[in-house]
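>>> structure of the sequence below:
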Amino acid sequence: MKRVAREMDLSFMRSPRLLTGKVQPALAAVDPALAPGGAVSQRVVTRSSIDAVRMLVAASLLGTTSHIHQHFPFLSSLRPILLLVILAVFVALLNRESLRTEHLWTTKPPKLIAGLAIMACISAVGGISLGGSASFILFEYSKVLILAFLLILSIRNSWDLLVFVWAYVVAAGVLSYLSIFVFPMNQPSSDRLSRIISGYAFDANDIGLVVLIGFSLSLLTFNVSGKTGRLVSTVVMVGIGITLAKTGSRGAFVGLIGVALAIILLVRTIGIGKRVGLILIPAAALFLAAPAGYWDQMNTIRHPQEDYNWNDETGRMLLWQRGMEYMMSRPLTGIGIDNFARAEGTRSERAINWNPTLPGIRWSAAHNSFLQAASEMGVPGMVLFTSLVLSTILLPLSLRRRIPRSWVRGDLEQRFLLCATNYLPVAGIAFATSGFFVSFAYIDPVYILGAFAAGLTTCTVDRLDRERRTALGPEAAVAVVTAPQVSIGGPEWWSRR
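Residues are numbered from 1 along each chain as shown. From the prediction side, this is the model:
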């Protein structure tokens, strides 16, 4: 374990030191308990390295992203994700001082998530089925919200943020493994390609979105890790490329193009050659693993008017047009959360004019996350959801402008935070592009990215503030260490570099 920690540069697991340089003598001079190995130092190390809340939250994140528990019937019947979340809440309530609450008031994503929760309740009251919406909020959406806020409260410092990023990357790797070796694929024919039929709770398009975000975050872990971490990140990237091929998803393919452009245009920490090289890892795997009919399917993107989605009654274009009509019929509340399919089956023009001689009516999902929020929660819901997605892109980019250029060659924490401001926007763009073709307005990925953006904001501001105080003198540095927000898990694990 120590060897893995050393190679992945997670030196916190081995180092009891709090701070280095001029600050350590100042701490020892003021109070021996503040020096490395002192009482305060030992307490900080213990809380950061052995913490049940963060272990439970990371396990919940891994399970809800990969759905690995559904691969084992005996586990699935126990509903382990729900149990993990409940247990995490219970342990957090018993150890409230280990949570960091200022994320909730000083960053935008938690406020936007809370706004969406409130709007979901309002839409249920003003929608077309109070019972259907209320049931969805209680048994589905509430779990997404609870995990999101647990994640936000659990990010005390940069170490916690990196642990949770790794949890998502590992989850993407697990989902890729299931997609490659477990999930069934249909047989190719003259009018359809070979692709994943079912992925437990996800369909092929959903899997494409989840692993694209994992690819973006694996770029972050690749650039801040040692040999073992880079090897794991590379394996995950290759698996994601193969998975994208097996999904046969045009939305995921468009998302991959968007991610590639974002890497080339937004990433500043590495040269253009390395950026292109990282893009080629999943791209080459996709090219080599593409099943029969894959490229013919992707070629239809060039001629959208010839696709059934353009003119067919059940195609995306007419479906999205009806979705806009649902929003305009109730602009303030929408038709109610999780009521889009019900509106298709009972409120659409075809449903109203249906007679037994016609084919049955499909209760279809929105197939667009932004339209899903707009039609089901009205204009306020559309604004809140779009703002949440944009915050995962714009917040890290605004932070990057505040970071000194010297952080490119700084210690590990500095480089991690700088890299995170480069690659988290790429993950946000992955969701924005692929999410345009799936119904993910109330599913975990965008809320997880919002939590990451909130944690990154606070961690970066903390580090900038520590450097500013250290520059002012030893007394200011001592004030940083003894401040409440640092006493529950400071930057000790970065001290080695």
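>>> list the buried residues of stretch 256-265.
L256, G258, V259, A260, A262, I263 (16 or more other Cβ atoms under 10 Å). (Glycine included, C-beta is placed from N, CA and C.)
>>> run through the strands of the stretch 201-350 of the chain in chain order.
In the stretch 201-350 of the chain, no strands are defined using DSSP state E, counting those that start in this stretch.
>>> for the stretch 351-497 of the chain, which segments count as helices?
In the stretch 351-497 of the chain, the helices defined using DSSP state H, counting those that start in this stretch lie at 369-400, 412-434, 444-472, 474-482, 484-487.
>>> ok, the stretch 1-150 of the chain next?
Under DSSP H, counting those that start in this stretch, the stretch 1-150 of the chain gives helices at 2-7, 23-30, 39-49, 52-66, 73-76, 80-94, 102-106, 108-126, 130-136, 142-154.
>>> quick one: low-confidence parts of the stretch 151-300 of the chain?
Residue ranges of the stretch 151-300 of the chain with pLDDT under 70: 189-191.
>>> got the residue ranges for the helices in it?
Under DSSP H, counting those that start in this stretch, the stretch 151-300 of the chain gives helices at 158-181, 204-224, 227-247, 250-266, 272-289, 294-299.
>>> about what we covered before: which of the helices of the stretch 1-150 of the chain has the lowest mean pLDDT?
Note on the helices of the stretch 1-150 of the chain: lowest mean pLDDT is at helix 39-49, with a mean of 37.
>>> residues near the closest residue to G239 other than its chain neighbours, how many?
With sequence-adjacent residues excluded and distances taken as Cβ to Cβ, 6 or more residues apart in numbering, G239 is closest to S176, at 3.4 Å. Neighbour count for S176, taken as other Cβ atoms under 10 Å: 28.
>>> do you know which of the helices of the stretch 1-150 of the chain lies nearest Y308?
Closest of these to Y308 is helix 130-136, at 28.9 Å (criterion: Cβ to Cβ).
>>> now the closest one - C-alpha only, CSV.
Output of helix 130-136 as CSV, limited to C-alpha atoms (Å, rounded to 0.1, in the frame of the first residue of the first chain):
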residue,chain,number,x,y,z
LEU,A,130,-48.7,15.2,-8.1
GLY,A,131,-48.5,11.6,-7.1
GLY,A,132,-46.0,10.6,-9.9
SER,A,133,-43.7,13.6,-9.2
ALA,A,134,-43.8,13.2,-5.4
SER,A,135,-43.0,9.5,-5.7
PHE,A,136,-40.0,10.3,-8.0
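>>> the closest residue to G410 other than its chain neighbours: how many residues sit nearby?
Distance criterion Cβ to Cβ, 6+ apart; nearest residue to G410, sequence neighbours excluded, is L418 at 7.7 Å. When neighbours are counted by other Cβ under 10 Å, L418 registers 23.
>>> that older thread, just put the helices of the stretch 1-150 of the chain in JSON lines and tack on distance to Y447.
Listed next are the helices of the stretch 1-150 of the chain as JSON lines, based on distance: least, Cβ to Cβ, whole Å:
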{"stretch": "helix 2-7", "distance to Y447": "29"}
{"stretch": "helix 23-30", "distance to Y447": "37"}
{"stretch": "helix 39-49", "distance to Y447": "25"}
{"stretch": "helix 52-66", "distance to Y447": "10"}
{"stretch": "helix 73-76", "distance to Y447": "23"}
{"stretch": "helix 80-94", "distance to Y447": "13"}
{"stretch": "helix 102-106", "distance to Y447": "14"}
{"stretch": "helix 108-126", "distance to Y447": "6"}
{"stretch": "helix 130-136", "distance to Y447": "15"}
{"stretch": "helix 142-154", "distance to Y447": "4"}
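>>> reformat those helices as a markdown table; add mean neighbour count and distance to P282.
Compiled in a markdown table, these are given as follows (neighbours: other Cβ atoms under 10 Å; distance: least, Cβ to Cβ, whole Å):
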| stretch | mean neighbour count | distance to P282 |
| --- | --- | --- |
| helix 2-7 | 13 | 23 |
| helix 23-30 | 17 | 42 |
| helix 39-49 | 17 | 33 |
| helix 52-66 | 23 | 18 |
| helix 73-76 | 11 | 29 |
| helix 80-94 | 17 | 27 |
| helix 102-106 | 15 | 32 |
| helix 108-126 | 20 | 27 |
| helix 130-136 | 17 | 34 |
| helix 142-154 | 21 | 26 |
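>>> so which of these gets nearest I240?
helix 52-66 (12.5 Å).
>>> chain center to that closest one: distance?
13 Å (Cα atoms, centre = their mean, to the nearest Å).
>>> can you check stretch 430-447 too?
On Cα atoms, centre = their mean, the centre of stretch 430-447 falls 10 Å from the chain's centre.
>>> again, but for stretch 377-389
18 Å.
>>> one more: stretch 55-68?
The chain centroid and the centroid of stretch 55-68 are separated by 12 Å, computed with Cα atoms, centre = their mean.
>>> ok, now stretch 128-143?
The answer for stretch 128-143 is 23 Å, by Cα atoms, centre = their mean.
>>> cool, stretch 244-258 as well?
Relative to where its chain is centred, stretch 244-258 has its mean C-alpha point 18 Å off (Cα atoms, centre = their mean).
>>> which residues of the stretch 301-450 of the chain score low on pLDDT?
Using pLDDT under 70, the stretch 301-450 of the chain drops low at 355, 357-359.
>>> contacts for stretch 51-70?
The contact list for stretch 51-70, computed with Cβ atoms under 8 Å, 6 or more residues apart in numbering, reads 75-76, 80-81, 84-85, 87-88, 91-92, 95, 98-99, 143, 147, 150-151, 154, 160, 163-164, 167-168, 170-172, 174-175, 178, 199-202, 210, 214, 444-445, 448.
>>> can you name the residues that contact F215?
By Cβ under 8 Å, 6+ apart, the residues touching F215 are A172, V236, M237, I240, V259, P282, A430.
>>> from A201, how far out is the fourth one?
Counting by Cβ to Cβ, to the nearest Å, the separation of I240 from A201 is 19 Å.
>>> ditto for the fifth one
Note on V259: its distance to A201, by Cβ to Cβ, is 23 Å.
>>> hmm, I128 and G336 touching each other?
Yes: contact status for G336 versus I128: in contact at 5.6 Å, counting by Cβ atoms under 8 Å.
>>> just the helices of the stretch 151-300 of the chain: most buried one?
Sort the helices of the stretch 151-300 of the chain by mean neighbour count, taking mean count of other Cβ atoms under 10 Å, and helix 204-224 sits at the top with a mean of 27.
>>> before we move on, back to that, neighbour count winner among G336 and I128?
Neighbour count, other Cβ under 10 Å: between G336 and I128, G336 has more, with 31 against 19.
>>> now the more buried one: closest residue in space, sequence neighbours ignored.
With Cβ to Cβ, 6+ apart, the residue lying closest to G336 is G127, at 1.8 Å.
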